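S.K.: Below are the sequence and a predicted model; questions follow.
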Amino acid sequence: PFPPPLLFPLLFEGERLLLRHRQRVFVVEAASGKVLQEIPCPEWLGPPPVVAEGMAFACQEGALMAFRFPQGTKVWEKALEGTLTRPTYADGRLFVASKEGRLFIVDAATGETQREMAFPALPLVGVPWAEEDGVYLASAKGHVLAVGLEPGRGP
């Protein structure tokens, strides 16, 4: 029922799929394919979102946003500098890298920036990988960076 382009099918709450088609997000029952909800999201044009805590976290050029699902209401929006990667969620925090060499650590509930780091000579690509002791990032120049989550401590 969805003509191309259909983007980012994500399993949400184990029973529903999130599908983006043009400037709308559809909540679909995974077992039957029945559309449960259609949500207009004209600003959600970046990489696929990550789903956690009953919310979808999405990036677009220069902004990170949180949407409550299944309602689709925007909870918060945070301006972040650069071309952003898909966010990673871990332990109540979002990790977002930029092609301009920045790593942002953002509180998932409030959208407040907890920490920001700059790596000006290393454009970051790909999705950050968060572990208990640190975050791992890839650069466009072939480097892998390991960043400790506590100041002064590495992974």
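M.R.: Thanks, I have the structure now.
S.K.: Report how many residues lie close to A52.
M.R.: Neighbouring residues of A52 were enumerated by other C-beta atoms under 10 Å; the total is 17. C-beta here means a position set from N, CA and C on the backbone, and glycine is covered the same way.
S.K.: Show me the beta-bridge partners of the closest residue to it other than its chain neighbours.
M.R.: Counting by C-beta to C-beta, 6 or more residues apart in numbering, A52 lies nearest to Y89, which is 4.1 Å off, once chain neighbours are set aside. Counting by DSSP bridges, Y89 is bridged to L94.
S.K.: In contact with Y89: list those residues for me.
M.R.: V50, A52, E53, F57, F95, A108, A130 (C-beta atoms under 8 Å, 6 or more residues apart in numbering).
S.K.: tell me the centre residue of this protein?
M.R.: Nearest to the geometric centre of the chain sits P87, at 2.8 Å (C-alpha atoms, centre = their mean).
S.K.: quick one: pLDDT of that one?
M.R.: What the model reports as pLDDT for P87 is 92.
S.K.: Likewise for E131?
M.R.: E131 is assigned 86 on the pLDDT scale.
S.K.: Any regions of the protein where pLDDT drops low?
M.R.: Filtered on pLDDT under 70, the chain yields the residue ranges 1-14, 16-22, 41-46, 70-72, 151-155.
S.K.: at 90 what do you get?
M.R.: Low-confidence regions of the chain, defined by pLDDT under 90, span residues 1-62, 65, 67-74, 83, 85-86, 119-134, 139-143, 145-155.
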